[in-house]
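Novice: 3D, please:
(one chain, ligands or ions: 1)
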Amino acid sequence: MTQVTREHFGENVEKWTLQTPQVSAEILTLGCVIKSVSCQSKDGQVDDVVLGYDHLEGYVADRRYFGALVGRVANRIAGGRCVLEGTELRLDVNNGPNTLHGGLIGFNKAVWHAEPVNGGVCLSHVSPDGDRGFPGELHVSITYRLQGETLTANYEAQTTKTTPINLSNHSYFNLAGQGTADIYDHEVSINAQSYLPVDDTMIPTGEVRAVEGTPFDLRKAVLIGPRLKEVPGPGFDHTFCLASPGDPWKERHTARVCHPPSGRVLEVSTSQPGVQFYTANFLDGSLSGKAGVRYGPHSAFCLETQNWPDAVNKASFPDSLLRPGEKYQHVTHYTFTTI
Ligand code: GLA
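Specialist: Here you go, the predicted structure:
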């Protein structure tokens, strides 16, 4: 049995709480943010395992996408442009030379309309034709449901004109409890045979490289701390391929992260063809999060289930276009248990 309650969180924003005996999750109508996920350790200690802010102002000013739904196109589009049915789209350039997470004002900054559903909340938004350069009026919704220890996110969208689309959630997890300095004692496995190497602006080169024999081989659980030292650059910020282009829509077991000291385990499964594994490399201690904690590099991990970045400019990547009459539909499950 899931309890669903709502309350005001600032003037125009609501906070919805979904609660079962195992897990409690708070969702904001601003950006569909997952504000908190509280769950027990193996010794029965309840902690919040996602990073974020105590107050609305934090989320309004946030530039790190804490907990938010990202769109219309999550991740990067090279050079802030693409050609769609013969027409060039010019998009916001907000990350080096590229578009990141929908541009200057993404879906994470919209206040969504919320309705209760059985065991959860459905949030919907209409993105107008031409929004940040993207064509078509897009009707988009996400339904969060909590059942036992599993939080489910169901994404749906329909458009009036062909548009690229890629919706994801950008929660930062630390299974030791948010505010813990790093994730070095977490063990991670990602069920991917290949990953996408990137150029120096973080755009995939187009190569789909086997993980075998590389630091990106996470098929068997590895301790993150030592493995981070083997990865080139500041840490993981890479797409792992879960499905090949043209593979049928199917939900797949994606990743498992375990924090042995607390016994907490997060398991993720998704219908999306990829997952961006990001180890919070860009958190630098400058922003002040929940209870004033300064979040540093590697103080969390993200498992952003999504399509492959820059797919709209790469014919060999999974299709990222939504056409009129089609329905965009994806699901991601997050399960919080203990060993
Ligand atoms: C994604 C990107 C990262 C970074 C974060 C937000 O994970 O891949 O490079 O931009 O979002 O800070």
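
Novice: for the record, mean pLDDT for stretch 178-189?
Specialist: The average pLDDT within stretch 178-189 is 98.

Novice: For that stretch, which residues meet the burial criterion?
Specialist: 178, 179, 180, 182, 183, 185, 186, 187, 188, 189 (16 or more other C-beta atoms under 10 Å). Yep, even glycine has a C-beta here, placed from its N, CA and C like the rest.

Novice: Farthest pair within those?
Specialist: 179 and 189 (24.9 Å; C-beta to C-beta).

Novice: Is any residue of stretch 235-243 near the ligand?
Specialist: Yes: applying C-beta under 6 Å from any ligand atom, one finds stretch 235-243 touching the ligand at residue 237.

Novice: now that stretch: how far from the chain's centre is it?
Specialist: 12 Å (C-alpha atoms, centre = their mean, to the nearest Å).

Novice: First-to-last residue distance for that stretch?
Specialist: In stretch 235-243, first residue to last residue: 23 Å (C-alpha to C-alpha, to the nearest Å).

Novice: Residues contacting that stretch, please?
Specialist: Residues outside stretch 235-243 that contact it (C-beta atoms under 8 Å, 6 or more residues apart in numbering) are 75, 190-198, 202, 204, 208, 211, 216, 218, 228, 250, 252, 254, 270, 272-281, 297-298, 301, 306, 308-309, 318.

Novice: Could you tell me which of these are located in helices?
Specialist: residue 228 (DSSP state H).

Novice: Now narrow the contacts of stretch 235-243 to whatever sits close to the ligand.
Specialist: Near the ligand, by the rule C-beta under 6 Å from any ligand atom, you find 75, 202, 276, 278 out of those.

Novice: closest to the ligand among the residues you listed?
Specialist: residue 278 (3.7 Å; C-beta to the nearest ligand atom).

Novice: partner residues bridging the closest one?
Specialist: Beta-bridge partners for residue 278, by DSSP bridges, are residue 237, residue 302.

Novice: separation between it and residue 265?
Specialist: 20 Å (C-beta to C-beta, to the nearest Å).

Novice: Residue 125 too?
Specialist: Residue 125 is 32 Å from residue 265, by C-beta to C-beta.

Novice: Name the residues of the stretch 1-150 of the chain found near the ligand, please.
Specialist: 64, 65, 75, 100.

Novice: Could you list the buried residues of stretch 48-60?
Specialist: Quick answer for stretch 48-60 (16+ other C-beta under 10 Å): 48, 49, 50, 51, 52, 53, 56, 58, 59.

Novice: circling back to that earlier point, tabulate the ones next to the ligand among the contacts of stretch 235-243 in a markdown table, adding columns for pLDDT and neighbour count.
Specialist: A markdown table is the format used below for those (pLDDT from 0 to 100; neighbours: other C-beta atoms under 10 Å):
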| residue | pLDDT | neighbour count |
| --- | --- | --- |
| 75 | 98 | 26 |
| 202 | 97 | 18 |
| 276 | 98 | 22 |
| 278 | 98 | 20 |
